[in-house]
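Enquirer: my questions are about this predicted structure, shown below with the sequence.
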Amino acid sequence: MSLTPSNSRMMSPAWGASLKLTPAHSPYLKNTPLRSPVKTSRPEVSLALKQVIGTTTSSANAFDSLPSGRTFAFTAGAAAVIAEVDDEHRLTQRFYRARPTTNPLNPSSSVYGGPSTPTQNESRNRIAASLRDAGIGASPLASPGDWTDSPGAKAWTAKERIKAATCVSFSPDGKFLAVGETGYKPRVLIFSTSPDAPSDTPLTSLLDHTFGVNCVAFSPDSQYLASLGSTNDGFLYIWSVNSRTGAATLLASNRCTSNVSRMAWLGNSLITVGTRHVKVWRVDDSSLTSRGSKPRQSDMSFNLPNVQHKTLPGRNCLLETLLEANFTSVVAVAPSKAVVSSDKGDICIIDDTDGGQRFMKLADAGFSVTSMAVDLKGRLHLASSQGGLKTLNVSDMIGALTPPPSPPPRVESPVVALTSDSLHIEAVAPLFNYLVTVDSQHSIRLSKLCAAEDESVVGEVVQQMPAHGGPVLGVATLAQPNVCEAFFYTWSASGSVLFWNQDGVCKDSIQVTLEQVESADTDPNELKVALASVDSKHLITGDKYGVLRMIDCRTKSGIHEFKAHANEVTDIAIYEDTTSAYLASASRDRTVQIFTRRTDTWDLMQTLDEHVGAVTGIVFSKNGSRLVSCSSDRTLVVRELVSRKNDEDGDATQAFIILRTVILKTSPVSMAWDSDQDDILLVSTIDRQLHKYDLRTGHCLNSFRAADTDGGDAVVLSSLAHVSRPLGSPLIAGVSSTDKSIRLYEDNGTLIARDYGHTEGVTSVALYKSQGTHDEESSRKLVSVAVDGTIFVWNLDLKVANRYNDMSKSVEMDPSTPTNHDLLATRPPLRRVFSQSELARFQRSPEDDSATPTGNRSPKLRKRVSKFSLAQAPKLDPSPIQRDARAAGSGPGTLRKNRNRSPSPPSPRNLQGLAKRRSSVDVRMRTKPSTSEFGSLGSTTEGLCRTLRAYRKRLATSTDNLTSEHVREVERELAQTARAVGEKAKSKGVNEEVMAKLLDQYSERLVSMLDERIAASVALRVRENSEGGMSGGPTSPAMERSDEQGQEQDMDGTFPSKANAGVESINEHKDED
């Protein structure tokens, strides 16, 4: 039976109703190994968001401000940004994000069956204390905080990471910021705006919405928070917020399936407006109808007092003639009155003084109204879809036009143009003395409000935060110093190129002219790639139609234009030095175009068409001598620059020829050079691998899979940047469109840092160093851009924290602690290492070792058999010639029939003996005798013999001629060596038994070979005599060749001189017999 009850009715009453038990993966206690407080120093890398450029605000729901303060909030990807304006009109930012695994500080429960959010206050101590109070003892259950740390825990997936912030709202007291998300399991997060509060840990996380959160809004007294889901979600929730802790409990809810554009509070009532929709929801406690719901176990675990679900009542307004209108905005102008606007310019009012919610049209704005805001001076600001602002006095408009005439008059007020006619204002929000607007290009402008008597009302723009209106396709760094005084630049598909300094301030901008082909089948032209020259004086761009343009950054005018490709340009590379300059462009038309600079013009140098797929990337080497291109045909082509002088005019013709081609398993995605080593290229492929290639050899030095350390899925790195550091191995920075993350890897594939922020495809990343900081390691910044139009600047901290030194400084030595000299751990370890001569003794034969006559002898080591022999080496016995059996009248065949003789090759005439004997390998491959100890005379002799054999082999195969000096020197050395060997042999005496063994071993072999030689010579002599007709003639040439071959064999050393002498004596003895 399991230790954990699976049914709540089986639980013991002593456990208490507030204890929630969850089965763990194992029934045993979790034993965490003890960790040493002293850790070795290792490089620590931190990645922190520093600045956000641009915004994803597309409506007034994603923009809010505090009218009485100097802060406003907006959404940017997955983060909510709070910007504060100082006296000098400078902006400081703070970012609010929460990971999917982050636990809020306050608990919350779901009414409609969703999971309740765990909190950071739920620790294992609370569960352990509850179990001890119940008398159970130690619990085999893991705490909620241990779920993600268990080996079987599943890491959160990519769809759980990507949550875009869609709406924000400040509480009127400025204490809280509510952020709504969209995506998988969207949340409503409540953050504290206090400077000392963490920006990545929310106070409360609400998980009741299923598809996305469209609007959030705080009530005027900061007591309630309203959250409206998207159209597919269809629910409106009213949450009661604790003003002290920020905890939220559900007060009421109801269905709302209309397309709602905006909502606002009117006292304790909530107004929602949208497409043919204007509705007032009553939140008064007296009007709420309670309906009982069964308490859930999750509610009991947190002891939530309010488990009653209450229905939120609401009533639609009578629209009359505006029944088909699309209402865009609503704002409260009085405690019981609100102004509603439409996309046709209708200005209406809702009067709820006596609860009648009367709806009337007051005036016509004359343009489509996108957003409205009321400042502290009682002025209503209308944002136009044509980029203008119109300001009305609320008191005059309401007092003079109630009831309004029919038809309503047009509002007579000057329109202040903030943007061009092609742009419209998405949102407007008031500050203390400023008015903040966001246009369709996602640019934020801070305008100063004029005095009440000024007719223009809205003054000059004191601060502007430009951004790209469309997807940002790339980012690159600039050399310092440069003409634009910028550190990096970005470009978008619309043709805008913006130059930024190290603080994220736009220094300059260039609008690239894009030609449009008027055809129904042709897609609109877009800017695909941009590259600045080395001196940053020129900008080279490539568009979707394959046109290259060179623009002067000072005059912002075009210098050169080329129709380089038949399809879109995918990449551009440039190399410049004092003598030459090369420009290369890659395209989807499978070609690479190379241009060279000649004085003031650029001429086409070469067209490369070796690829069979779209060329996706191209780079020059650091010295410009090599050009590397990658293609979707799964190849890396390395080309080398060569030059040839013409015979006619003497000018040199240059070209890039293929040096080598590297075949990849899958298509490459991006490339980057190693900043520390030349000719080392980093390549990311579509199979989620990262490779490092040495282009000098074409070999892959290293490769790893771009995966997570927590078991998550691997990703495709769409852009790479190499980060070098003096301490530790270099880093590889990359961005992925798979999970919209930015990552830092080591060379061995270890993921050391990862962060998120973008909500659309991340397109590029770049590294630059900021100036004005003393610490070089903390001055590095990473810039990432994405399709959502945002630019994120990240702080890259590469400092090394020496924890050992910090620990040693903080710990004081106790006087009773023994010193290091008295500890056994500080003593040197025991060692006994055998030398080579000692190890050689273990390999000797037991018969050769002289054993010491002791009482208890050590066991003898068995002689190792050579791995080349097929059987055990035979034992050599004295030659049978010297035995008494020979003198006793043994036959002449005794020499060849002895069983204990050496296994020499038998005579071909004795085939029966050949079949009985085993085959043997060369004597040189047998086990060497014990005299061949390393460094001894025997081993030196063996080495000399091997050298002589190799020398003879070289003489036989070489075609070179020896000089007479070399021949005399060799003869002199051989003669001296032979003389020394003879003296050495005479001094010690030659063992006759050993000589007998040698003669016995080689006798039969020599006899058989001599017999064959004699038989061949006799047969040849007989044949010559028969042909010549005479018996005694001169010696035949064949006999002379036979003699020469015999002499050569003697010189070759196959038959030693002493062995030959022994054979002759044996033959003579044989003839006598």
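Expert: Cool, the structure landed. Residues are numbered from 1 along each chain as shown.
Enquirer: buried ones in stretch 610-622, by neighbour count?
Expert: By neighbour count with 16 or more other Cβ atoms under 10 Å, stretch 610-622 contains the buried residues Glu610, His611, Ala614, Val615, Thr616, Gly617, Ile618, Val619, Phe620, Ser621. C-betas here are computed from N, CA, C, even on glycine.
Enquirer: okay, and the beta partners of the nearest residue to the first one once chain neighbours are set aside?
Expert: Put plainly, it is Glu610. Of all residues not flanking Glu610 in the chain, Val637 sits nearest, at 5.9 Å (Cβ to Cβ, 6 or more residues apart in numbering). Val637 has these beta-bridge partners by DSSP bridges: Ser629, Thr661.
Enquirer: before we move on, what about the one 4 residues further on?
Expert: When assigned by DSSP bridges, Leu641 has beta-bridge partners Phe656.
Enquirer: wait, doesn't it sit right on Ser621?
Expert: No. In this structure, Leu641 is not within contact of Ser621 by Cβ atoms under 8 Å, at 9.3 Å.
Enquirer: what's the overlap in contacts for the two?
Expert: Residues touching both Leu641 and Ser621 (Cβ atoms under 8 Å, 6 or more residues apart in numbering): Leu627.
Enquirer: would you map the helices across the stretch 701-850 of the chain?
Expert: All helices of the stretch 701-850 of the chain, identified by DSSP state H, counting those that start in this stretch, fall at 803-810, 836-841.
Enquirer: among those, which one carries the weakest average confidence?
Expert: Looking at the helices of the stretch 701-850 of the chain, the lowest mean pLDDT belongs to helix 803-810 (a mean of 42).
Enquirer: where does the stretch 601-750 of the chain have low pLDDT?
Expert: Applying pLDDT under 70 to the stretch 601-750 of the chain flags residues 647-650, 710-712.
Enquirer: now with 80, please.
Expert: 646-652, 709-712, 726-728 (pLDDT under 80).
Enquirer: equivalent analysis for the stretch 401-550 of the chain, please.
Expert: 401-423, 450-459, 519-521.
Enquirer: tell me if I am right that Val1018 is in a helix.
Expert: Yes. Val1018 sits within a helix when classified using DSSP: H, G, I helix; E, B strand; the rest coil.
Enquirer: ranges for the strands of the stretch 401-550 of the chain?
Expert: With strands called from DSSP state E, counting those that start in this stretch, the stretch 401-550 of the chain shows them at 415-417, 425-430, 434-439, 444-449, 458-465, 472-477, 488-492, 496-500, 506-511, 527-532, 538-543, 547-552.
Enquirer: closest to Gly757 out of these?
Expert: Comparing those against Gly757 with Cβ to Cβ, the closest turns out to be strand 472-477 (13.3 Å).
Enquirer: sheet partners, orientation included, of that closest one?
Expert: Strand 472-477 is paired, per DSSP bridges, with strand 488-492 (antiparallel).
Enquirer: please list the residues outside the partner strand that contact it.
Expert: Taking Cβ under 8 Å, 6+ apart as the rule, strand 488-492 contacts 468-478, 497-500, 512, 527, 529-530, 532, 541, 766, 768, 783, 785, 789, 791.
Enquirer: now the angle from it to strand 496-500?
Expert: 160 degrees (axes from the mean of the first three to the mean of the last three Cα atoms, to 10 degrees).
Enquirer: for Arg705, which non-adjacent residue is spatially closest?
Expert: Arg705 sits nearest to Ala714 (Cβ to Cβ, 6+ apart), 5.2 Å away.
Enquirer: for the one you found, list the residues it contacts.
Expert: Ala714 neighbours (Cβ under 8 Å, 6+ apart): Arg688, Arg705, Ala706, Ala707, Asp708.
Enquirer: could I get those as TSV with distance to Ile1014?
Expert: What follows is the contacts of Ala714, written out as TSV (distance: Cβ to Cβ, whole Å):
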residue	distance to Ile1014
Arg688	79
Arg705	76
Ala706	80
Ala707	80
Asp708	85
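Enquirer: buried subset of those residues, written for PyMOL?
Expert: To isolate the buried members of those in PyMOL, using 16+ other Cβ under 10 Å:
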select buried, resi 688+706+707
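Enquirer: Ala247: which of the strands of the stretch 401-550 of the chain is closest?
Expert: So among these, strand 425-430 is nearest, using Cβ to Cβ, at 27.6 Å.
Enquirer: now for that closest one, which elements pack on it?
Expert: strand 63-65, strand 369-374, strand 379-384, strand 388-393, strand 434-439 (3 or more Cβ pairs under 8 Å, 6 or more residues apart in numbering; DSSP states H and E).
Enquirer: of all the ones you listed, which one is nearest Lys556?
Expert: strand 434-439 (22.3 Å).
Enquirer: run me through the strand neighbours of the closest one, direction for each.
Expert: By DSSP bridges, strand 434-439 pairs with strand 425-430 (antiparallel), strand 444-449 (antiparallel).
Enquirer: now do that strand against strand 388-393: the angle between them, please.
Expert: 140 degrees.
Enquirer: contacts for strand 434-439?
Expert: 55, 57, 63, 65, 70, 72, 74, 85, 373, 375, 381, 383, 387, 389, 418-419, 423-430, 444-449, 458, 462.
Enquirer: may I have it as CSV, with CA atoms only?
Expert: Extracted in CSV, the C-alpha atoms of strand 434-439 (Å, rounded to 0.1, in the frame of the first residue of the first chain):
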residue,chain,number,x,y,z
TYR,A,434,4.1,66.4,-20.5
LEU,A,435,2.2,64.4,-23.0
VAL,A,436,3.5,61.1,-24.2
THR,A,437,2.5,59.6,-27.5
VAL,A,438,3.3,56.4,-29.4
ASP,A,439,2.9,56.4,-33.2
